[in-house]
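Asks: give the three-dimensional model of this entry:
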Amino acid sequence: LILMVGPCEQSDKEIIAELQEQLAKKDSEFDDASNSFRTILGLKNKRIRELEDEIIRLKLAKQEDAKCGRESNEGDAEKHGKVRNRVK
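Replies: Reported below is the predicted structural model:
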């Protein structure tokens, strides 16, 4: 912090008032930066949740496809008399 001192010295009250003004300005700048950071962080977290949900949906769809494919293949094998004993 740089205090501008004029031709005559500032009184303690003036110095305190100037420091309080500078502190209020820095507090405001910090609050603005904090709010921007929280906003960006919130958006990133939302995107992460969306991607996690998409991964879960894709895994479930893949499991369903594999299950349907297995059932379809088993059905084809039964039609052609090629049924194996299934182990579960």
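
Asks: what's the distance between residue 53 and residue 44?
Replies: Per Cβ to Cβ, to the nearest Å, residue 53 is found 15 Å from residue 44. All C-beta spots, glycine's among them, are computed from the backbone N, C-alpha and C.

Asks: pLDDT on the strand or helix carrying residue 21, on average?
Replies: According to DSSP states H and E, residue 21 maps onto helix 12-79. Helix 12-79 shows a mean pLDDT of 90.

Asks: work out the gap between it and the centre of the chain.
Replies: Relative to its chain's centre, helix 12-79 lies at 2 Å (Cα atoms, centre = their mean, to the nearest Å).

Asks: which secondary structure elements does it contact?
Replies: Using 3 or more Cβ pairs under 8 Å, 6 or more residues apart in numbering; DSSP states H and E as the contact test, no helix or strand touches helix 12-79.

Asks: pull out the buried residues from stretch 39-52.
Replies: Across stretch 39-52, burial judged by 16 or more other Cβ atoms under 10 Å covers no residue at all.

Asks: using CSV, list the CA coordinates for it.
Replies: Once non-C-alpha atoms are left out, stretch 39-52 reads as follows in CSV (Å, rounded to 0.1, in the frame of the first residue of the first chain):
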residue,chain,number,x,y,z
THR,A,39,-19.2,-19.8,-10.4
ILE,A,40,-16.6,-21.4,-12.6
LEU,A,41,-16.1,-24.2,-10.1
GLY,A,42,-19.8,-24.8,-9.9
LEU,A,43,-20.0,-25.0,-13.7
LYS,A,44,-17.1,-27.4,-13.8
ASN,A,45,-18.6,-29.6,-11.1
LYS,A,46,-22.0,-29.6,-12.9
ARG,A,47,-20.2,-30.8,-16.1
ILE,A,48,-18.3,-33.5,-14.2
ARG,A,49,-21.7,-34.8,-12.8
GLU,A,50,-23.2,-34.7,-16.3
LEU,A,51,-20.2,-36.7,-17.7
GLU,A,52,-20.4,-39.2,-14.8
